[in-house]
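K.L.:
the following comprises the amino acid sequence and a computationally predicted model.
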Amino acid sequence: MIRSPGTPESLTPASRPNRVAIASLIGTTLEWYDFYLYGTAAALVFNKQFFSSLSPTSGTLAAFATFAVGFLARPLGGLLFGHFGDRIGRKATLVTSLLMMGAASTLIGVLPTFAAIGLWSPVLLVVLRLLQGVGLGGESSGAVLISVEHAPGNRGNLFGGFPQMGVPAGLVLANLVYFLTTSLSSDEAFTAWVWRVPFLLSAVLIVIGLVIRLRIAESPSFETVRKSGEVIAIPGWAALRGQWLGIILTVFMVTAASSCSYVFTAFSLSYGPTHFDLDRQTLLLGVTVGSVLWLASIPVWARVADTYGRRKVFLFGSFVLLLAAAVYFPIFDLGTTASAMIAFLCMALTTPISHALQGSIMADVFPAAMRYSGMGVILGLGSLLGGTAPLISTALFAAYGTTTPISVYLVVVCVVSIAAAIGLFRIAPVIDRGRRAAEARADGAPLVRPAH
C-alpha cells in the first residue's frame, strides 16, 4: 500500500502514527461538524429563514439546492488543495482547509435573513456554502492521506479508516448540538435565532482543531518525493491523464455510501416531520444514535479488512448496503417512530462496512507525487454525485408523491457502485505496477505490499 514510516524507535512524537491518526480524526470531525450543521439546518430552518418568499415545498427544495452547492465546490477544492498538497506539503493545506471551513460556518451564524436584506441573503448563503465545499474538498482527501502515509504497513485500512470516522463523528457532534438547542428553546426561538448558536460554536472548535493539527509531522511519503526532486508541476493533470480509468471507477464506487448516508441523515429529517408528523427532536436523536453506531463500526470493519482483505469486505458491505437501500423507505413509511428508528438502524449498520475502506482504496490508486490531487478529484466528484441525494429525493417525492422512486434511485446507485468496485479490483494489478514503478523512481526503499 503505502511506505511504512519507520520503526517506533525512529519516530518523533509528532510523527508517531497513532498521534497523526487521532489528529486527523479530530480535524476531520470538526470540518464535518461544520458541513453537517448546514445539512441539518437546511432540513429544519433554512427554508423559513432564507427562502420565506417560496412555498414550503419550493423553499425546502431551494434549501437542499444550496446544500448541494457545497458538493459542486468540492471537486474544485480537491484540485486546488490537492495541487498545493502535492507541491508544498499535506500539513499546510490541511491547516488552511480547516480555517476556511471554520470561517465560512461562523459567518453563516451571523448572516442576515431574507426578511432583513432580501435576495442578498440567499446569495451570501450560497457563497459561504461554496467556501465550505472548497474547504472540505481539501480536507477529506488530505486527512485520509496524511493518516495512511503514516500508517504501519500492516494496518493501512485501519489508519485509512480514522479520517472516515470523522464523517459520523461530525454528524454526531452537529446533531447533539442541535438536539440540545432545540430541547432548551421553543420552536419559535429556535427558528428565530437559536439555530445560529451551533454555527457560532464553530469558531471555538476550529481553534482546538488547529492546535492539534499544527503539532503533527509532515507525511513521510511527501518528504520522500520532495527530497528526491520528483515533485510534479501540475499533479492534478498528471493524475487525470495517467489514472483516468481508475478515477472514473473509484468515483462511482464511493457514490453509494454517500448517497445513502445523506438520505439517511438529511432528507429523512425533513421528510419525517412533514409527511408523518414525527417529532423532530426524536428523529434528530435517532440519526445521532445511528451515527454513533456508524462511528463505532468503522475501525471494526477496517481491522477485519486488514486481516482478511479489503476487496472481500468492501464487496460484502456494498451488497449489504444495497439491501438496506431497498428496504429503508418501506420500513420508514410505516409512519411510526419505531419504524423510523429501525430504518435508521439498517442504514447505520450497513453504511460503515464499505465506507471504512474508501480512503485506503483511493490512496492505492496513485503514486505519492500526485496522490493528494488524485484523491481530491475522486472524493470531490463522488461527493457531488452523493451530495445531491437529498435534492433528488425531494424532487422525486414532489413529482410522484411516493418514496418508491427514491428507493429505486438508491438501489440503482448501489448497483452502479458495485459494478465499479468489481471493475476497479480487476484492473488493480495494473494500477499497482504503475504506482510502484513511480514510487521506486523516487526512492529505492522497499515498498509495503497492499492488503487487498
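P.N.:
Right, received. Where do you want to start?
K.L.:
would you map the helices across the stretch 101-250 of the chain?
P.N.:
Applying DSSP state H, counting those that start in this stretch to the stretch 101-250 of the chain gives helices spanning 114-117, 120-148, 156-183, 187-189, 196-200, 202-213, 220-228, 235-242, 244-262.
K.L.:
repeat for the stretch 351-452 of the chain
P.N.:
Secondary structure of the stretch 351-452 of the chain by DSSP H, counting those that start in this stretch: the helices cover 358-363, 371-387, 389-400, 404-442.
K.L.:
those: lowest mean pLDDT?
P.N.:
Across the helices of the stretch 351-452 of the chain, the stretch with the lowest average pLDDT is helix 404-442; it has a mean of 82.
K.L.:
list the buried ones in the helix or strand hosting Tyr38?
P.N.:
In this structure, Tyr38 sits in helix 17-44 according to DSSP states H and E. Neighbour counts over helix 17-44 (16 or more other Cβ atoms under 10 Å) mark 17, 19-21, 23-44 as buried. For glycine as for every other residue, the C-beta is placed from the backbone atoms N, C-alpha and C.
K.L.:
swap in stretch 406-421?
P.N.:
Neighbour-count burial for stretch 406-421 flags 406-407, 409-411, 413-414, 417-418, 420-421 (criterion: 16+ other Cβ under 10 Å).
K.L.:
just stretch 46-65 next, same as before
P.N.:
Result for stretch 46-65 [16+ other Cβ under 10 Å]: buried residues 46-51, 59-65.
K.L.:
go on, stretch 295-309?
P.N.:
Within stretch 295-309, the residues that count as buried by 16+ other Cβ under 10 Å are 295, 297-299, 301-306.
K.L.:
roughly how far is that stretch from the heart of the chain?
P.N.:
In terms of Cα atoms, centre = their mean, to the nearest Å, the centre of stretch 295-309 is set 18 Å apart from its chain centre.
K.L.:
burial measure for the residue nearest to Pro299 when sequence neighbours are not counted, as a count.
P.N.:
Leaving out its chain neighbours, the residue that sits closest to Pro299 by Cβ to Cβ, 6 or more residues apart in numbering is Gly161, at 5.8 Å. Using other Cβ atoms under 10 Å, Gly161 has 31 other residues around it.
K.L.:
got the CA positions of stretch 154-161 in PDB?
P.N.:
Extracted in PDB, the C-alpha atoms of stretch 154-161 (Å, rounded to 0.1, in the frame of the first residue of the first chain):
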ATOM      1  CA  ASN A 154       0.000  -4.000   8.000                       C
ATOM      2  CA  ARG A 155      -2.600  -1.500   9.200                       C
ATOM      3  CA  GLY A 156      -3.300   0.700   6.200                       C
ATOM      4  CA  ASN A 157      -7.000   0.000   6.200                       C
ATOM      5  CA  LEU A 158      -7.300   0.800   9.900                       C
ATOM      6  CA  PHE A 159      -5.400   4.100   9.600                       C
ATOM      7  CA  GLY A 160      -7.300   5.000   6.500                       C
ATOM      8  CA  GLY A 161     -10.500   4.500   8.500                       C
END
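K.L.:
let me know the average pLDDT across it.
P.N.:
84.
K.L.:
need the three-state assignment for the residue nearest to Met165 when sequence neighbours are not counted.
P.N.:
Setting aside the residues directly before and after it, Met165 is nearest to Ile298 in space (Cβ to Cβ, 6+ apart), at 4.8 Å. Assigned by DSSP: H, G, I helix; E, B strand; the rest coil, the conformation of Ile298 is helix.
K.L.:
related to what we said a few turns ago, the residue nearest to Pro299 touches Ala302, doesn't it?
P.N.:
Yes. Gly161 is in contact with Ala302 according to Cβ atoms under 8 Å; the separation is 3.5 Å.
K.L.:
who touches both of those two?
P.N.:
The contact sets of Gly161 and Ala302 overlap at 356-357, 360 (Cβ atoms under 8 Å, 6 or more residues apart in numbering).
K.L.:
ramachandran angles for Gln243?
P.N.:
Backbone geometry at Gln243, expressed as degrees, to the nearest 10, gives phi -130, psi 40.
K.L.:
quick one on the thing from earlier: got a list of what the residue nearest to Pro299 touches?
P.N.:
298-299, 301-302, 356-357, 359-360.
K.L.:
tell me the contacts of the residue nearest in space to the middle of the chain?
P.N.:
Taking Cα atoms, centre = their mean, the centroid of the chain lies closest to Val167, which sits 5.4 Å from it. Neighbouring residues of Val167 by Cβ under 8 Å, 6+ apart: 28, 32, 261, 294, 355.
K.L.:
how far away is the first one from Ala398?
P.N.:
Taking Cβ to Cβ, to the nearest Å as the measure, Thr28 falls 34 Å from Ala398.
K.L.:
how about the last one?
P.N.:
Counting by Cβ to Cβ, the gap from His355 to Ala398 is 29 Å.
K.L.:
those two - which one has more neighbours?
P.N.:
The neighbour comparison of His355 against Ala398 (other Cβ under 10 Å) goes to His355, with 28 against 12.
K.L.:
next, count neighbours for the closest residue to the more buried one other than its chain neighbours.
P.N.:
Closest residue to His355 apart from its sequence neighbours, by Cβ to Cβ, 6+ apart: Ala257 at 4.4 Å. Counted by other Cβ under 10 Å, the residues lying close to Ala257 total 28.
K.L.:
same check, this time on Asp187
P.N.:
The criterion is other Cβ under 10 Å. On that basis, Asp187 has 10 neighbouring residues.
K.L.:
next up, the contacts around it.
P.N.:
Contacts of Asp187 (Cβ under 8 Å, 6+ apart): none.
K.L.:
and Asn175, by the same measure?
P.N.:
Counted by Cβ under 8 Å, 6+ apart, Asn175 has contacts 36, 40, 284-285, 287-288, 291.
K.L.:
what's near enough to touch the closest residue to it other than its chain neighbours?
P.N.:
Spatially, and ignoring its direct neighbours in sequence, Asn175 is nearest to Thr288 (4.1 Å; Cβ to Cβ, 6+ apart). By Cβ under 8 Å, 6+ apart, the contact set of Thr288 is 171-172, 175-176, 179.
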